[in-house]
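K.L.:
Could you look at this predicted model? Sequence included:
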Amino acid sequence: MSKGKISFLLVVLLLVTAFLPTAVLAETTEETWIKVAPRSEDVSISVKSDGAGEFAAIVKIMFGSSGYRVNYDDVVTIAEGTKKISFVGEADIQAWTGGSPTVMTEKTLTYHLGKLSKGDYSFTFKSSDFSKIYEFEVLPDVYICYGDINDDGKINSTDYTLIRRCILERRYDERADINVDGVVNSTDLTVFKRYLLKMINTLPYRKSSEYIIF
Ligand SMILES: [Ca+2]
Ligand SMILES: [Ca+2]
C-alpha cells in the first residue's frame with residue numbers, strides 16, 4: 001500500500017471516529033428530558049393551614065401536554081436580609097422532547113412551612129430562571145367570631161344594630177371590624193350588609209389582600 005493510500009485511510013478513520021460520537025449524541029438528544037421554565041400564568045400559589053397551626057404552600061402548575069415531569073424537595077429555605085419572613089421553594093421542571101399526548105395536566109407541589117405565628121410572610125416559587133412570589137398574612141391565633149357582636153352564636157340584624165352603635169359611639173370592637181383594617185366605620189357596615197344579603201360568604205372580609213385565619 002502506498003503512503004498516499006495509508007494517509008487517506010487514516011483521514012477517513014479519523015473522520016469516522018470524530019463524527020461517530022456526535023452522530024450518536026444527535027440521535028439521543030432528539031428524545032430526552034430538558035429543563036424548562038413554566039409560564040407565569042400557568043403557576044398558581046396558595047397557602048393553607050391544617051387547622052393545627054401547620055402551614056403549607058401549594059403550587060399548582062398547568063402543562064399543555066403529558067410530557068412534563070417535576071422534581072422537587074418539599075422543604076423550603078428562608079431568604080436572608082428581608083424584613084418579613086420569605087420562604088423559597090424550588091423545583092426542577094423538565095419537558096420530554098419526544099412525542100407526548102396533548103392533554104392539560106396539572107402538577108401540585110406542597111411545600112411545608114411549619115408553624116407560623118401572626119405576621120406578614122412571603123413564599124417564592126423558583127424553577128431555573130423563573131420565580132413567582134406570593135405574599136400572605138397570618139392573623140392572630142385568637143378565635144374571633146367576626147360579625148357576632150353580642151356573642152349569641154348568630155350573625156344577624158341584631159349585630160347590624162350593634163355595629164351601628166359602635167360607629168356612633170366611636171368605640172372599637174374587634175368583632176365589628178369586619179374588614180380587619182383597625183377601625184370600625186361605615187365600610188364594616190356595608191360589608192356586613194353584603195354578608196347578610198349572602199353576597200359574600202365569609203367574615204372577616206378583605207378585598208385587597210390575602211389573609212388566613214386559623
Ligand atoms: Ca349575634
Ligand atoms: Ca373596619
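P.N.:
Received it, and whenever you're ready, just let me know what you need. Residues are numbered from 1 along each chain as shown. Ligands and ions are numbered 1, 2, ... in the order given.

K.L.:
So the spatially most central residue of the chain: helix, strand or coil?
P.N.:
Nearest to the mean C-alpha position of the chain, counting by C-alpha atoms, centre = their mean, stands residue 45 at 1.7 Å. Here residue 45 is recorded as strand under DSSP: H, G, I helix; E, B strand; the rest coil.

K.L.:
Can you give me the neighbour number for the residue nearest to it when sequence neighbours are not counted?
P.N.:
Using C-beta to C-beta, 6 or more residues apart in numbering and skipping the chain neighbours, the partner closest in space to residue 45 is residue 134 (3.9 Å). Every C-beta, even on glycine, is put in place using the N, C-alpha and C of the backbone. Residue 134 has 19 neighbours, counted by other C-beta atoms under 10 Å.

K.L.:
If you count contacts, what does the host helix or strand of residue 134 end up packed against?
P.N.:
Assigned by DSSP states H and E, residue 134 belongs to strand 130-138. Packing contacts for strand 130-138, counted by 3 or more C-beta pairs under 8 Å, 6 or more residues apart in numbering; DSSP states H and E, involve strand 43-49, strand 119-127.

K.L.:
I'd like to know which of these is closest to ligand 2.
P.N.:
strand 119-127 (18.7 Å; C-beta to the ion).

K.L.:
tell me which residues form a beta bridge with the residue nearest to the centre of the chain?
P.N.:
residue 59 (DSSP bridges).

K.L.:
how far away is it from residue 38?
P.N.:
Using C-beta to C-beta, to the nearest Å, one gets 12 Å for the distance from residue 45 to residue 38.

K.L.:
What of residue 128?
P.N.:
9 Å.

K.L.:
if we can go back for a sec, reformat the helices and strands packed on strand 130-138 as JSON lines; add distance to ligand 2 and mean pLDDT.
P.N.:
Output for the helices and strands packed on strand 130-138, formatted as JSON lines (distance: least, C-beta to the ion, whole Å; pLDDT from 0 to 100):
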{"stretch": "strand 43-49", "distance to ligand 2": "23", "mean pLDDT": "92"}
{"stretch": "strand 119-127", "distance to ligand 2": "19", "mean pLDDT": "92"}
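
K.L.:
I'd like those strands as TSV, with distance to residue 145 appended.
P.N.:
Converted to TSV, the helices and strands packed on strand 130-138 look like this (distance: least, C-beta to C-beta, whole Å):
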stretch	distance to residue 145
strand 43-49	18
strand 119-127	22
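
K.L.:
and of the ones you listed, who's closest to residue 146?
P.N.:
Proximity to residue 146 (C-beta to C-beta) singles out strand 43-49 among the helices and strands packed on strand 130-138, at 17.1 Å.
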